[in-house]
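1. Provide a 3D model corresponding to the input given below.
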Amino acid sequence: MTTIIDQIYSHLPAMTTSDQKIANVILHNPETVVNMTISELSEKAKVSAPSVTRFCRNLNLVGFHELKIKLAQVQDEPALKEMTKSDLDGSLKQIAANKVAEIEATLDIDPKILKKVLAILKNSRVIQVAAQGDTYPVASDAVYKFNQLGMLAISAEMNELAIAQTMNLNEQDCLLVISNSGEATDLLKEIKIAKDKKVKVIAITNREDSPIALASDYHLKTGVRQTVLQMQYFFSRVSAFTMIEALFLLLINSDNKYVEHIRRHEEIISDQKV
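-> The predicted structure is shown next:
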């Protein structure tokens, strides 16, 4: 289940400076904020009380009271702690806590959506995996894994080539789009081409309300637990890699033919190993 903490993290990159200040206080002190008044939170965040109200509405909450209720419902959510240059051990523990929370949030998937996504992947003639920038290594990993299973998967780092690939898809194929923000215009262009050709589109993004998520047929939401340092936001590929790994393992578990294909592939490339 998506928590209010998940919502705040996923919206963080697109937040205004005022909203980021409020989010920073909440993420560092979720249990304390439950007992705060709106005036106390606004003073702590150094913003106005109306800014707190706007922050709540930007998260589709009725108001500050609903925010506090949702925070009270969050169990065992670790407070955000900023890493220090001198405390390496403490920093590593904070990184570990963030990554565990990212993975757990990512794997909290609606079973109905997951079954449909797996069925589409299994029955597709071609799986095109689209991504850009920091997310492209995840696309490469997906292409390798799907081909290992015996599925024909393609991708292209160059946008012009990726669009050309999408133009060659048909109703028997699917487009898997991976985007952190879910706002990449070039990927939205690929989705439009795919939809015009009646190609099924699966999206993996951090936000359910992102343009890419809304434009897709099926959306898989990844968890976000990046560390915030001095109000800066750092991209993490861990959650996207986790989603691809989960799909890969679930597909293997669904049919022994995938295991056999991996075994044959490993045999063929075995002479490359020492």
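
2. what residues go with each domain of this protein?
-> Using automatic domain parsing, the domain parsing of the chain gives 4-79, 105-272.

3. Which element, helix or strand, includes the nearest residue to residue 49 once chain neighbours are set aside?
-> Nearest non-adjacent residue to residue 49, counting by C-beta to C-beta, 6 or more residues apart in numbering: residue 42, 4.6 Å away. In short, each C-beta sits where N, CA and C put it, glycine included. Counting by DSSP states H and E, the element that carries residue 42 is helix 38-45.

4. what's the angle from the helix or strand following that helix to helix 38-45?
-> Using DSSP H and E, the helix or strand that follows helix 38-45 towards the C-terminus is helix 49-58. Comparing the axes of helix 49-58 and helix 38-45 via axes from the mean of the first three to the mean of the last three C-alpha atoms, to 10 degrees yields an angle of 100 degrees.

5. Just the buried positions in helix 49-58, please.
-> Residues 51-56 are the ones in helix 49-58 that count as buried (16 or more other C-beta atoms under 10 Å).

6. Return the list of helices and strands in contact with that helix.
-> Applying 3 or more C-beta pairs under 8 Å, 6 or more residues apart in numbering; DSSP states H and E, one finds that helix 49-58 contacts helix 17-28, helix 38-45, helix 64-73.

7. for stretch 206-221, which positions count as buried?
-> Applying 16+ other C-beta under 10 Å to stretch 206-221 flags 206-207, 210-213, 215-221 as buried.

8. ignore the last one, stretch 57-77
-> 59, 61, 64, 67-68, 70-71, 77.

9. Quick check: mean pLDDT of that stretch?
-> For stretch 57-77, mean pLDDT is 86.

10. how far out from the middle of the chain is that stretch?
-> 21 Å (C-alpha atoms, centre = their mean, to the nearest Å).

11. try stretch 50-59
-> So, by C-alpha atoms, centre = their mean, the centroid of stretch 50-59 is 24 Å from its chain's centroid.

12. For it, C-alpha coordinates in PDB please.
-> Taking Å, rounded to 0.1, in the frame of the first residue of the first chain, the C-alpha atoms of stretch 50-59 are listed here in PDB:
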ATOM      1  CA  PRO A  50      -1.200  28.800   4.000                       C
ATOM      2  CA  SER A  51       1.800  27.200   2.400                       C
ATOM      3  CA  VAL A  52       1.300  24.100   4.600                       C
ATOM      4  CA  THR A  53      -2.400  24.000   3.500                       C
ATOM      5  CA  ARG A  54      -1.300  24.200  -0.200                       C
ATOM      6  CA  PHE A  55       1.300  21.500   0.400                       C
ATOM      7  CA  CYS A  56      -1.500  19.200   1.600                       C
ATOM      8  CA  ARG A  57      -3.700  20.000  -1.300                       C
ATOM      9  CA  ASN A  58      -0.800  19.400  -3.700                       C
ATOM     10  CA  LEU A  59      -0.700  15.800  -2.300                       C
END
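
13. contacts for that stretch?
-> 4, 7-8, 11, 15, 18-19, 22-23, 38, 41-42, 45, 62-64, 66-67 (C-beta atoms under 8 Å, 6 or more residues apart in numbering).

14. Likewise for stretch 124-138?
-> For stretch 124-138, the external contacting residues (C-beta under 8 Å, 6+ apart) are 121, 139, 142-143, 146, 151-155, 157, 159, 162, 165-166, 169-170, 172-180, 184, 186-187, 190, 200, 235, 237, 240-241, 244.

15. Likewise for stretch 240-253?
-> Against stretch 240-253 from outside (C-beta under 8 Å, 6+ apart): 102-103, 106-107, 109, 114, 117-118, 121-122, 135, 138, 141-142, 145-146, 149, 178, 180, 204, 220, 222, 258-259, 262.

16. Please convert the buried members of those residues into ChimeraX selection syntax.
-> The buried subset of the contacts of stretch 240-253, as determined by 16+ other C-beta under 10 Å, is captured in ChimeraX by this line:
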select :102,103,106,109,117,121,135,138,141,142,145,146,149,178,180,204,220,222,258,262
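
17. returning to what we had before: quick one: closest of the domains of the chain to residue 86.
-> domain 105-272 (14.3 Å; C-beta to C-beta).
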